[in-house]
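In: I'd like to go over a predicted model; first the sequence, then the structure.
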Amino acid sequence: MKKITVLKGFLMIWVGLYIFIYGFPFPLDNIPFTYELFSKYFIQLKTSFILFFGKSLLGIETLEKIEMTGSGDTTFDYVMIPAMIIVSFVISLIMIFIKKVRENASGFYKWSLVYARYFVGLTLISYGVAKFLVGQFPGPSLYSMDVLYGEMSPMGLAWRFFGYSDTYKIFMGVSEILAGFLLLFRRTVVLGALMSIAVCTNIVLVNFSFDVPVKLFSSHLLVFSILVLLPSLKAIFDFFLLQKTTSLGELKPYFTKRKYQIIWLLINIYYVGVIPITRMVGHYQGQKFRVHQNEWEGIYSGFEADEAIAWDKVVVESNYLMLIRKDGEREFLSIQEINPDGKISIKNRENEEEPDELSIRELSDQEYELELRIGENISKVNGTRKLVSEYPLVARGFHWINEYPYNR
């Protein structure tokens with residue numbers, strides 16, 4: 001019996017430590033000034049160990065931590081998993097032989113699950129808020145309309161699919177926010193874990209099915225959600241499958257002393273109230289960097305054949321300009337300023353003080369004159385303009401009644 005107790009205690013400490021190590025520096029990353037004071041040193045230590053583990057023990061000599069790639073599935077991220085498993089294993093192996101630690105293994109594991117549900121809960125709330133704003137799943141764009149289906153990446157296809165419907169994005173956003181908030185309260189944690197498992201399972205399947213490089217992180221969210229639910233699994237099984245009278249257990253306070261209860265209450269107010277609100281505000285404020293009003297948006301094409309002009313189409317959208325050449329090659333240019341008279345300043349990569357320029361002039365309802373100056377090269381053409389709303393994907397809209405399926 002003692003062996004089982006030791007083994008169970010070891011597993012509790014091992015799993016609990018892995019949860020803490022994986023999630024850290026959360027929740028300190030939500031507290032001002034903690035990054036400079038503490039978190040950055042922990043991150044540096046963690047990074048150094050993972051690089052040592054990958055290079056020295058796994059033999060990956062070229063291993064490096066690539067910053068700001070937008071991918072959570074880099075080689076470094078994959079090496080981090082076994083590295084953190086081994087670190088938590090070794091620490092647990094040492095700690096289990098300390099009597100006081102062994103006796104409190106169960107309590108430590110319970111606190112690791114509290115940590116896990118806050119980690120998952122606040123992440124899902126952040127994910128959910130993003131669904132209501134421009135960013136993660138943008139709606140149909142001129143660029144996406146002009147890309148051939150076969151030229152899309154699996155992730156690009158998924159993002160365009162989700163981005164098409166605002167209704168579906170709202171459904172996903174509400175589901176994630178609701179699951180996240182339910183995880184933050186003890187009385188609703190079981191319902192929150194059930195919802196979180198459903199939501200995270202969908203996220204994981206999309207990531208694996210469409211090669212979205214957030215497979216490792218989303219899988220951890222799912223596993224953490226399952227771990228949060230596990231202590232209540234028997235009661236759920238008895239109630240729903242065996243139809244037995246059961247209980248989820250007595251809801252006891254984490255602390256009995258008044259001062260600790262007050263401290264815990266203040267921590268909860270900050271993480272359940274302040275953090276979600278600040279994340280929402282942050283997402284909202286970030287919109288000004290994503291949304292750019294451009295009254296000249298459109299795909300301009302139908303130019304007369306001219307060997308001197310290398311491009312076949314001009315796409316003007318948001319804060320960028322795209323030249324599509326006759327051979328299908330695309331060149332992206334950044335817009336600096338949009339003037340009402342149709343003069344658009346383009347960022348000059350060689351000299352920012354002398355921007356290039358695109359001038360657009362409407363000749364009639366169907367025809368436009370474009371003059372593009374890049375450096376000393378000036379091109380002038382007449383063509384037509386096509387808006388996003390003119391494509392069947394957008395123009396089709398929703399129909400309650402369909403005598404025949406409109407499937408093109």
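Out: Now that the structure is in, tell me what you want to look at. Residues are numbered from 1 along each chain as shown.
In: when you work out contacts or count neighbours from here on, use the C-alpha atoms and nothing else.
Out: Noted.
In: is it true that Cys211 touches Met155?
Out: Slight slip there: residue 211 is Asp, not Cys. Yes: if you go by Cα atoms under 8 Å, Asp211 and Met155 touch, sitting 6.0 Å apart.
In: buried residues in stretch 359-370?
Out: 359-360, 367-370 (16 or more other Cα atoms under 10 Å).
In: now, the most widely separated pair of those residues?
Out: With distances taken as Cα to Cα, the most widely separated pair in the buried residues of stretch 359-370 is Ser359 and Glu367, at 13.9 Å.
In: the buried residues of stretch 359-370 into a markdown table, with extra columns for distance to Gln243, pLDDT and secondary structure?
Out: Listed next are the buried residues of stretch 359-370 as a markdown table, based on distance: Cα to Cα, whole Å; pLDDT from 0 to 100; DSSP: H, G, I helix; E, B strand; the rest coil:
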| residue | distance to Gln243 | pLDDT | secondary structure |
| --- | --- | --- | --- |
| Ser359 | 73 | 92 | strand |
| Ile360 | 71 | 92 | strand |
| Glu367 | 71 | 90 | coil |
| Tyr368 | 72 | 91 | strand |
| Glu369 | 74 | 90 | strand |
| Leu370 | 73 | 90 | strand |
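In: of the residues you listed, closest to Gly192?
Out: The closest of the buried residues of stretch 359-370 to Gly192 turns out to be Ile360 (Cα to Cα; 53.4 Å).
In: quick one, what contacts that closest one?
Out: For Ile360, the contact set (Cα atoms under 8 Å, 6 or more residues apart in numbering) comprises 296, 342-343, 368-371.
In: and those as TSV, adding distance to Tyr168?
Out: Formatted as TSV, these follow (distance: Cα to Cα, whole Å):
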residue	distance to Tyr168
Trp296	29
Gly342	36
Lys343	37
Tyr368	37
Glu369	39
Leu370	38
Glu371	41
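In: ok, so of the residues you listed, who is nearest Ile43?
Out: Trp296 (45.6 Å).
In: in terms of contact, does the closest one touch Val316 like I think?
Out: Yes: using Cα under 8 Å, Trp296 is in contact with Val316, at 6.7 Å.
In: show me which of the contacts of Ile360 is closest to Thr47.
Out: Taking those together and measuring to Thr47 by Cα to Cα, the closest member is Trp296, at 46.7 Å.
In: quick one: distance of the host helix or strand of Arg361 to the chain centre.
Out: Using DSSP states H and E, Arg361 maps to strand 356-362. Remark: strand 356-362 is offset 36 Å from the chain centroid, using Cα atoms, centre = their mean, to the nearest Å.
In: output that strand as CSV, nothing but the C-alphas.
Out: The C-alpha coordinates for strand 356-362 follow below in CSV (Å, rounded to 0.1, in the frame of the first residue of the first chain):
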residue,chain,number,x,y,z
ASP,A,356,6.4,56.1,-54.6
GLU,A,357,2.9,56.9,-55.8
LEU,A,358,-0.2,55.4,-57.3
SER,A,359,-2.8,57.8,-58.8
ILE,A,360,-6.3,56.5,-59.5
ARG,A,361,-8.8,58.5,-61.4
GLU,A,362,-12.4,57.5,-62.2
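In: number of residues surrounding Ile269?
Out: Other residues within reach of Ile269, judged by other Cα atoms under 10 Å, total 12.
In: who are the contact partners of the closest residue to Leu93 other than its chain neighbours?
Out: Leaving aside its sequence neighbours, Leu93 sits nearest to Phe10 (Cα to Cα, 6 or more residues apart in numbering; 6.9 Å). Phe10 is in contact with 92-93, 96, 102, 105, counting by Cα under 8 Å, 6+ apart.
In: list the buried residues of the helix or strand containing Phe10.
Out: In this assignment (DSSP H and E), Phe10 forms part of helix 2-23. By neighbour count on 16+ other Cα under 10 Å, the buried set for helix 2-23 is 6, 9-22.
In: closest to Leu178 among those?
Out: The closest of these to Leu178 turns out to be Ile19 (Cα to Cα; 22.8 Å).
In: can you map out the helices along the stretch 101-250 of the chain?
Out: 105-131, 142-146, 154-164, 166-183, 189-209, 215-229, 233-240 (DSSP state H, counting those that start in this stretch).
In: export these as JSON lines, with columns for mean pLDDT, mean neighbour count and distance to Tyr254.
Out: Shown next, in JSON lines, are the helices of the stretch 101-250 of the chain (pLDDT from 0 to 100; neighbours: other Cα atoms under 10 Å; distance: least, Cα to Cα, whole Å):
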{"stretch": "helix 105-131", "mean pLDDT": "92", "mean neighbour count": "21", "distance to Tyr254": "9"}
{"stretch": "helix 142-146", "mean pLDDT": "86", "mean neighbour count": "15", "distance to Tyr254": "52"}
{"stretch": "helix 154-164", "mean pLDDT": "91", "mean neighbour count": "17", "distance to Tyr254": "41"}
{"stretch": "helix 166-183", "mean pLDDT": "93", "mean neighbour count": "21", "distance to Tyr254": "16"}
{"stretch": "helix 189-209", "mean pLDDT": "96", "mean neighbour count": "20", "distance to Tyr254": "15"}
{"stretch": "helix 215-229", "mean pLDDT": "97", "mean neighbour count": "20", "distance to Tyr254": "16"}
{"stretch": "helix 233-240", "mean pLDDT": "90", "mean neighbour count": "14", "distance to Tyr254": "21"}
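In: thanks a lot, see you next time.
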